[in-house]
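Q: Sharing a model prediction with you, sequence too.
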Amino acid sequence: MADKHEETTFESADAGASTTFPMQCSALRIGGHVMIKSRPCKIISMSTSKTGKHGHAKVNLTGIDIFTGKKYEDLSPSTHNMEVPVVKRTEYMLLSIDDGFLSMMTEDGQQKEDVKAPAEGELRKQIDEKLEAGDEILVTIVAACGEEQAISIKTKAE
């Protein structure tokens, strides 16, 4: 019985395993995604140095965090693997904003209320205007590594 408990603990210890997958550095491309400093980033530039006397060609990556917009850089041998985040975009029907969270409806009619509404900025302004006008709003949510964030909206007519 103790072995079964230990096995369960082991399985739940690394829940984040399915949020990324390995990819060889040389296969990464600008516009794609990669984990840099444990953050999901969109690759904005990359360059490869020639092989030196001792070793492999190196790939210099620059990426922008898909949630915060912060810039990250990393250097890795081109033959090594790097983790690539599984990034998912989903559109939901926006119902309202309640207590700082977006109240949305999924395609199958379920309510989703666990994504924080943008606190300020252009996106928040657009959401407030369209909600006030009574427009039907579709909000695009990007999800990766257990984080979710609204990135854009459009009215259903667009």
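A: Received, thanks.
Q: How is this structure partitioned into domains?
A: By the assignment in automatic domain parsing, the chain contains the domains 16-85, 88-155.
Q: In contact with the residue lying closest to T140 once chain neighbours are set aside, which residues?
A: Excluding the flanking residues, the one nearest T140 by C-beta to C-beta, 6 or more residues apart in numbering is S152, at 4.6 Å. Yep, even glycine has a C-beta here, placed from its N, CA and C like the rest. S152 is in contact with 123, 139-140, counting by C-beta atoms under 8 Å, 6 or more residues apart in numbering.
Q: could you redo the domains of the chain as CSV and give each row mean pLDDT?
A: Putting the domains of the chain into CSV (pLDDT from 0 to 100) gives the following:
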stretch, mean pLDDT
domain 16-85, 91
domain 88-155, 93
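Q: Adjacent strands (with direction) for the host helix or strand of R89?
A: Per DSSP states H and E, R89 falls inside strand 88-98. Counting by DSSP bridges, the strands paired with strand 88-98 are strand 101-105 (antiparallel), strand 137-144 (antiparallel).
Q: Now do the helices in the chain.
A: 2-13, 122-133 (DSSP state H).
Q: average model confidence for the first one?
A: What helix 2-13 shows for mean pLDDT is 40.
Q: doesn't D99 make contact with D114?
A: No - if you go by C-beta atoms under 8 Å, D114 and D99 don't touch, sitting 11.6 Å apart.
Q: how close does L61 sit to N81?
A: 13 Å (C-beta to C-beta, to the nearest Å).
Q: for D108, same thing?
A: 36 Å.
Q: now Y72
A: 18 Å.
Q: just I43 next, same as before
A: Look at I43 and N81: by C-beta to C-beta, they are 15 Å apart.
Q: how much space between the closest residue to E73 other than its chain neighbours and E147?
A: Among residues not flanking E73 along the chain, T62 sits closest, at 5.1 Å (C-beta to C-beta, 6+ apart). For T62, the distance to E147 (C-beta to C-beta) stands at 21 Å.
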